[in-house]
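1. okay, predicted coordinates and the sequence, questions at the end:
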Amino acid sequence: MSQIQAPIIETDDNSISLPPSSRSPFKVMLMQFKKNKRAMVGLWMVIIFVLVAIFAPFIAPYDPIKQNMDIMLQPPSADHLFGTDEFGRDMFSRVIYGAQISLMVGIVGVLISLVIGVALGTISGYFGGKIDALIMRIIDIFMAFPSFLLALAIVSVLGPGMGNVMIAIGLFSVPTFARLSRSSVLSVKGKEYIEAAKSMGATNTLIIFKHVIPNSIAPIIVLSTLRIATAILTAAGLSFLGMGAQPPTPEWGAMLSTGREYLRSAPHVSTIPGLAIMFMVLSFNMLGDGLRDALDPRGKR
């Protein structure tokens, strides 16, 4: 007997592709993501920042905290690509090491808010009733405060330092994750496969971890990427105000703050860390926008 072969589709460029029904959701998402040029640029920028942070000890030519008052406030040159600061420290080395701190703050802060927010949102959306009302009223109280002011208040209570900044960033982002997670859970908990799992005697814990969270995680992934950019910007702002990294830590926000006094005589001291913050935030925003477009079912073909 002859075997029935699946249909082959020829595209406009004479290339052969599989029928849409044979593609997994992940492959479709990946194809959509690759088509987005801005998303790919953002991805490569993020990869570069991550590699720079990982290999900072090998890339930085000087000790980022070693002072040399004989070469203070020198402009960019062959010996010091980004010049030197007010204490004669190499700006290039400090910017390289600053990438480690910014990425760590952004990722850890978002992980804290992700775990707490998704847990609260999932419980609220899945069980509903009084539990939902209680959790959402607490979330509403947190959302009544502007995010940056809430982070500033938390750091003021806990004290300055990057550890407390990460906690503050994690806490002020919890309401956003909780609300998004709740709405995602509400959209999937009434599906047929959830009802089938309940009828087969599956426990609530099993249903939540095996069915609810995996099927509601896509928008949370997008939000996590975008919130990393917000976390980096917030950490820089807190350090700029003296509530984050303390001297001589090479943190971009703190470097930007100390460079204000030398805007006329040595603008590179504040301009370069400011550009570093801008490009890192831009890269995560572009990546997040690309993921959002790729995971949007209306954008798939």
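-> Here it is on my side, so go on.

2. separation between D132 and F92?
-> 52 Å (CB to CB, to the nearest Å). Quick note: C-beta positions are derived from backbone N, CA and C, even for glycine.

3. of those two, which one has the most company?
-> Between D132 and F92, F92 has the larger neighbour count (other CB atoms under 10 Å), namely 21 against 17.

4. can you tell me the helix or strand for the nearest residue in space to R94 that is not next to it in sequence?
-> Spatial nearest neighbour of R94, excluding adjacent residues (CB to CB, 6 or more residues apart in numbering): P250 at 3.8 Å. Here P250 sits in a region with no helix or strand, counting by DSSP states H and E.

5. could you measure from A229 over to F55?
-> 22 Å.

6. meant to ask about K189
-> 45 Å.

7. neighbour count: A229 and F55, which is higher?
-> Per other CB under 10 Å, whichever of A229 and F55 has more neighbours is A229, with 21 against 11.

8. for D90, give me phi and psi.
-> Main-chain dihedrals, D90, degrees, to the nearest 10: phi -70, psi 120.

9. please name the nearest non-neighbouring residue to it.
-> Among residues not flanking D90 along the chain, Y62 sits closest, at 3.8 Å (CB to CB, 6+ apart).

10. quick check: that neighbour touching D85?
-> No: with contact defined as CB atoms under 8 Å, Y62 does not reach D85; the gap is 11.6 Å.

11. of the two, give the one with the bigger neighbour count.
-> D85 (27 against 17).

12. which helix is the longest one in this structure?
-> helix 91-127 (DSSP state H).

13. average pLDDT across it?
-> Mean pLDDT, helix 91-127: 93.

14. could you do stretch 229-245 as well?
-> 89.

15. offset the numbering so it begins at 39, please.
-> Taking 39 as the first residue, the last one we looked at is stretch 267-283.

16. ok now that stretch, how far from the chain's centre?
-> 14 Å (CA atoms, centre = their mean, to the nearest Å).

17. now it: buried residues?
-> 267-278, 281-283 (16 or more other CB atoms under 10 Å).

18. and if you look at stretch 166-175?
-> 170, 173-174.

19. out of those, who's nearest K73?
-> Ranked by distance to K73 (CB to CB), these are led by M174 at 37.9 Å.

20. circling back to that earlier point, what's in contact with the very next helix or strand once past the longest helix of the chain?
-> Note on helix 129-165: by DSSP H and E, the next helix or strand toward the C-terminus is helix 167-181. Residues outside helix 167-181 that contact it (CB atoms under 8 Å, 6 or more residues apart in numbering): 158-159, 161-163, 188, 210, 212-213, 216-217, 220.

21. so which residues of this protein form helices?
-> Using DSSP H, helices in the chain cover 63-73, 75-92, 94-97, 129-165, 167-181, 185-196, 200-210, 212-226, 230-237, 242-245, 251-253, 256-278, 290-296, 306-333.

22. need these in a markdown table (columns: distance to S115).
-> Output for these, formatted as a markdown table (distance: least, CB to CB, whole Å):
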| stretch | distance to S115 |
| --- | --- |
| helix 63-73 | 41 |
| helix 75-92 | 21 |
| helix 94-97 | 18 |
| helix 129-165 | 11 |
| helix 167-181 | 49 |
| helix 185-196 | 37 |
| helix 200-210 | 31 |
| helix 212-226 | 44 |
| helix 230-237 | 64 |
| helix 242-245 | 61 |
| helix 251-253 | 53 |
| helix 256-278 | 26 |
| helix 290-296 | 19 |
| helix 306-333 | 11 |
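
23. closest to I109 out of the ones you listed?
-> So among the helices of the chain, helix 129-165 is nearest, using CB to CB, at 11.1 Å.

24. what angle sits between that closest one and helix 212-226?
-> Here helix 129-165 runs at an angle of 40 degrees relative to helix 212-226 (axes from the mean of the first three to the mean of the last three CA atoms, to 10 degrees).

25. and helix 129-165, which residues are buried?
-> Those would be 129-141, 143-148, 150-152, 154-164, for helix 129-165 by 16+ other CB under 10 Å.

26. for stretch 105-114, same thing?
-> The neighbour-count check on stretch 105-114 (16+ other CB under 10 Å) flags 109, 111-112 as buried.
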